[in-house]
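Engineer: need coordinates for the following:
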Amino acid sequence: MTDSNNNPLINILKKRLNLLTYTFLDENKYNQTYFQHAGLTNVDVRSYQLHGIRWLIERYEAGHGAILSDEMGLGKTLQTIGFLLYVCKVKKQTPCIVISPLSVLQNWTTELSKFASGLKVQIFTGAKDERNELAETIKKSTFDILLTTYEYILKDTSFFQSINWKVLLIDEAHRIKNSQSCLHTTLKTLDVPCRILLTGTPIQNNLSELYSLLSFCAPNIFRPKQHEDFVEYFRAINTDEDCKKTLIDLLKPFVLRRLKRDVLIDLPNKTELMIFHDLSKVQKDLYKAILTKNRSIFGTSEAASRTSLVNIMMQLRKAIGHPYLFPGIEPEPFEIGEHLVEASGKLHILDHLLTHLYKKKHKVLLFSQFTSVLDILQDYLTYREIYKYERLDGSVRSEERFLAINNFNVNDDTFIFLLSTKAGGVGLNLVAADTVIFYDSDFNPQNDLQAADRCHRIGQKRPVRIIRLVCQNSFEEVILRRAEVKLKLSKSIMENGELASGLNTTIETKTQLQDVLKIGIDKLLDETEQMDYAKIDFNTILGKTDKNGHWLDIEETKKNQNEDEQSQSTVVNDDNMYLFEGINYRDAAQKPDIDFFDRLILNDEKTNTKSTEPSNQRTSERPQRRQMTEEEKLARAEKSRETKARRKQEIEEEEQKRKERHRARLQQLWASKNYNSSRVSLSDDEDENIDETVQTDNEDDNSGETKLHYVFGNVMKPQLHGEKCAISVHCVDDSGRWPSKGVFASISQRSKEPENQYTLAYDMKDIHMGDTHLISLNDCVIDDDDDDEPSCDQYMALIVAQHNNKFDFTALNSALRSLAKAAKEFKATVHLPRIGVGSQGFNWYGTEKLIKKYLSSRDISTYIYYFKRNDGTANNKRLHEQSYNNSKRSSSILDKTNSISQLKVHLPNYLAGVHIFFHDIDDTTKKRLQRFVYAFDGEINETTNVKTTTHILALGDCQDVLALQDACPNAHVINIEWLDACISHGKKINTDIYEL
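Structural biologist: So this is what the prediction gives:
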C-alpha cells in the first residue's frame, strides 16, 4: 500500500489546496431568479445546472479555473453562459473569450443570443484581411464576449495576447489534452486569471491527459514539472485504495461531472446494439488479395514492422466498408446502380435497415470515419431517391453547417443526416433524430460516444437506438472489444475513482497485430455461406415501434423471443468474438484461423510460382462449384426482378401515404393559423403548355427581339417604359433565414412584406425547392427618401433555388416556369439582379439560358440589373467606363449586342502556362473546375503522357501517386484542393503543401 502522507508530491499538492479559500454560495439566494436578474432569459434552469453555475462561480472567486465535465447532453453551454453573465454583469469583469471548434461556433452565437441577449458579443473569424480589420475595431470597442476557434488562436496569437482577458473558456477542451501540442502551449501564453474547460471526455486514453488539463486550468496547483511524478504515483490506483481516495480528494475542487442517468430522470432510454454482417464475394476476394499481397509482413523478418501491419489494417477496414474505395474495383461503365449496394455486405444490410426505419418513421444520424465512405453513402442515397438527407463533414463551411442542422431538425421530410464522426461528433444538437447508426467505429471510443450523444441529450423526447454495423468474424470485433475496455477505464475515474492507467489497452507488438488480423479468417472468407439480409427481422433485433414512430422497450421484445429467433437475429452467437451482453470472447487467433491463413498464403505462393502454366492445370483447395443451368439463371434473375419490383412498389406506396399524411397536417396547420400561401401553383396542363410555347419560340433563335436587357440600377426600383406591372425577382434558399445585406437589404428597405411572408411561409412549412412566391407591394409604403415610387403595380417574386447557400439549377428551372406563368397572367415585365455574383463556380451561362428560355423568348420583357459599386476598384471603374462612355441614353437600357462587350471585365490570367490533368476526379467536380481553368488561361490535358502536363490533380487519399510521378516525372502530383485555393485567393498558390 502506498502511504500518501510520506509522498513529497502528494504533501505539496495538499498544502497548495489548503491555501485555497472557497466561499460557498447559498442556493436559496443564487437561484434562477437571481440569474434572471443578471440577464439569463428564455430558459427554465434545472437544479443540477444551477448547482453547476454556482460551482463555477465558487472556483472563479477562489482564483483558479475548473473542468466542467458533465456527460454530453446535460447543458454545459447553458451553465457556462450563466457563469459568464455573473462575471460580466454582476462582477463587471470584461472581456471574456470563448474558444470552440468551428462546427459549434454558430451554436454558441445562437445560445448567447437566446439566453443572454444583454451580453455584447464579438465574433472573430474570416479571411486574413477581414481579421486584421476586425482586430483593430475590437481593440477600440467595448464588448463582453469574444467568440473564436482554435485555428484563429494559432493564426493571430499576437492579437489575442494583446487583450487583458478576464476569463478564458474552452469548449471541447479535450483538444488540448496533449501538453506538448502547439494549441496547448499557445493558449498558455494568454495571461488569464480564470481558465474554464468544457469536455464530456476529460480522459480519452490515460492519466497523463487528465494532468495536462488540470495543469492548464490550475497551473499554480498542478505544475507542469510534476507531470511525470503525478502519473507515476497514481499508476497503482486500481490496486491501492489509499491511492484511489487521494486522487478523488485532489480532483474534487477542480472537476465536476454528472451523468445523465443521475440527473435527467425524464430522459428517454438509450439502447446500444450491434448488427452483424458478412462480406460480399467482391469484398472477400479483395480481403484475400490484401493479405496475400503483404504475406512477407506476416513472417518473422524485419519487414513485419508494426507500421506496416497498421497500414494493412487500414486497407482491410476500407475493404470491409466498401470495395469501391479502391480504384479499379467498380465495373465500367461507371453508372450508379444496384451493384453499388450488392458490392458491400455492410451497405447491403444498411439498405435493408434504412428501409425498415423509414417505414417506421424514424430519423437517422449515420456516422462514418471517412469522408470517402460518406461520398459512397451519398451516391447510394441519391440512387434510392426516396430518402431526403443532409450532410456535414470537415469541408462544410460554418454557415452551411448551421443551415444543414436546422433543416434536419425542422423538416420532417429529412430522413437521414450523413456525418463524419469527428466533424459531426461535437457540439451539435440533433434531437430530431432517434436513431444513430455507426457505419464503422472509431478506434477511440470517446469519439463514437460523443457522436451518439448528438441526439441523446436534453430536449430528446423519444427513446434512442444506437446501432453499430460490425463485420462478423473480422478484426472489427476485436477493435470494438478493446475500445470498450478503453472506454470503461476512462469512465471509471470520473464515476467511481478507478483508473487502470498502467493497463495497456492498445495493440502494442507486431505479433499481437498479426494475430488480430488472422482472427476469424476461416469463417470470414468462407464462400459456402452467405447471409440473407432480406430475412432479417429488425423488429426482433431493434425492438418494435409505436404508431407515432417511437421506439418501444427492447427488453419486452427479447422476453418473447425464442432461442431460434435469437440465433438468427445477427446480434450475437457463440462463435462471435464479441458477445452482446458482455460474454467474453477470444482475443487470439484459433487453430482453424491459423491453418486457413497458412493455406491461403501457400496457395498464393503456388499460383505465383506456376503463373506460366495454363489456367486449367492449376489446382485449388476449394472444390469446383456446380454450374447453374440457363433455366436456373433465368429463374433467379426473374425472382430478383420480382423482389425489387415488389420492394419498389411498397416504398412508393408508403411514400404516397406519407405525402398524404403530410398534406393533411399542413392543411390543418394552415387553417389553424389562417395562413394563405403566396406560392404560384402550376398545373400539369399549364406546365405542358409552357414547354410547347418554349419549343415553338425556340425554333428560330434569331427571330424577333429577345427583350433580354442588361442595365445598371436597383432591381427594387424597376426601370419602366409605360408598362402597367413589374415583377422584381430574387433567389432565396430553403432555410427560412433572411439575410441582411445586398439585395435583401434593398428589398427590406422597399417593404418588410416579402421578408415577413417568407419567414411565415417557412414556419408554415410552405418553402420548397423550386417554388415561386409572389408578394404584392402595391399597398406598401416605400421606406426611403427617394421620390421614385413606381407608377405601376409592383410585385416581389421570391424563387426558392438555393440549399445550404448552393444554387440548384433543377429548382431554378421549376421556379422560372412558375414565374413565367405569373408574368404572362399579369402582363408584367420581369426584373432580376445578376444572380450568382460572388458565388464560386456559379454557372451564369446556364442561368442566362434558362432566363431566355422561359421569359424573354416568350415575349416577356426581362431586365438583368448590375449594381454599381463605388468602391473605387480598377475593375469597377473599368466596368463603369466601358458601360457608359459610349451611350448615356435616358432609359439606361443596353441592347444585347452592346451589353456583352460593354459589361465584360477582363479576367486575371494567373493559370497561364498551367496544363492540368484530373486523375480519378468525379465528373461534377471536374466540370466545375474546368470552367475556372479555362477562364484564367489554363489548359486541360486528357492524358498524363502529354509532355506539356505541369500539374496532376488527385484526391488526398490517392493510391496512384508513384505511378503518376513515373508517367509524368516533370509534373506536380498535388491535392485537388490546390486549385480551389488558387481560385479563392485569385492567384497561383505555391504547391509545396499540396504535394501528394
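Engineer: so which helix or strand takes in residue 831?
Structural biologist: Taking DSSP states H and E as the criterion, residue 831 maps to strand 829-833.
Engineer: likewise for residue 28?
Structural biologist: With DSSP H and E as criterion, residue 28 is part of no helix or strand.
Engineer: separation between it and residue 35?
Structural biologist: Distance of residue 28 to residue 35, computed by Cβ to Cβ, to the nearest Å: 13 Å. All C-beta spots, glycine's among them, are computed from the backbone N, C-alpha and C.
Engineer: cool, residue 138 as well?
Structural biologist: In this view, residue 138 and residue 35 are 27 Å apart by Cβ to Cβ.
Engineer: next: residue 45.
Structural biologist: Computed as Cβ to Cβ, the residue 45 to residue 35 distance reads 7 Å.
Engineer: the two - which one has more neighbours?
Structural biologist: Higher neighbour count among residue 45 and residue 35: residue 35, with 26 against 20, using other Cβ atoms under 10 Å.
Engineer: name the SS class of the nearest residue to the more buried one once chain neighbours are set aside, please.
Structural biologist: Of all residues not flanking residue 35 in the chain, residue 82 sits nearest, at 5.2 Å (Cβ to Cβ, 6 or more residues apart in numbering). Judged by DSSP: H, G, I helix; E, B strand; the rest coil, the three-state class of residue 82 is helix.
Engineer: need the helices for the stretch 1-150 of the chain, in chain order.
Structural biologist: With DSSP state H, counting those that start in this stretch, the ranges of helices along the stretch 1-150 of the chain come out as 8-18, 32-38, 47-62, 76-85, 102-115, 128-140, 150-155.
Engineer: residue 415 should be in a strand, yeah?
Structural biologist: Yes: counting by three-state DSSP, residue 415 is part of a strand.
Engineer: which residues touch it?
Structural biologist: The contact partners of residue 415, by Cβ atoms under 8 Å, 6 or more residues apart in numbering, come to 358, 363-364, 387-389.
Engineer: please, where are all the strands along the stretch 851-996 of the chain?
Structural biologist: In the stretch 851-996 of the chain, the strands defined using DSSP state E, counting those that start in this stretch lie at 862-866, 915-918, 939-940, 951-954, 972-975.
Engineer: helices and strands around the longest one, which ones?
Structural biologist: If you count contacts as 3 or more Cβ pairs under 8 Å, 6 or more residues apart in numbering; DSSP states H and E, strand 862-866 packs onto strand 708-712, strand 829-833.
Engineer: can you list the helices and strands that the first one packs against?
Structural biologist: The reference is to strand 708-712. If contacts are counted by 3+ Cβ pairs under 8 Å, 6+ apart, strand 708-712 sits against helix 844-854, strand 862-866, helix 896-903.
Engineer: just the angle between it and helix 844-854, please?
Structural biologist: When axes from the mean of the first three to the mean of the last three Cα atoms, to 10 degrees is applied, the directions of strand 708-712 and helix 844-854 differ by 130 degrees.
Engineer: how far does the helix or strand following strand 708-712 sit from the chain's center?
Structural biologist: Next helix or strand after strand 708-712 toward the C-terminus (DSSP H and E): strand 725-733. With Cα atoms, centre = their mean, to the nearest Å as the basis, strand 725-733 stands 32 Å off its chain's centre.
Engineer: direction-wise, compare strand 725-733 with helix 844-854 and give the angle.
Structural biologist: Angle, strand 725-733 to helix 844-854, by the same axes, to 10 degrees: 140 degrees.
Engineer: okay, now the sheet partners of strand 725-733, with direction.
Structural biologist: Looking at strand 725-733 with DSSP bridges, its partner strands are strand 793-803 (parallel), strand 829-833 (parallel).
Engineer: can you give me the buried ones in it?
Structural biologist: Residues 725-733 are the ones in strand 725-733 that count as buried (16 or more other Cβ atoms under 10 Å).
Engineer: any idea how far residue 348 lies from residue 283?
Structural biologist: Computed as Cβ to Cβ, the residue 348 to residue 283 distance reads 10 Å.
Engineer: what's the first-to-last distance across stretch 830-849?
Structural biologist: With Cα to Cα, to the nearest Å as the measure, stretch 830-849 spans 15 Å from end to end.
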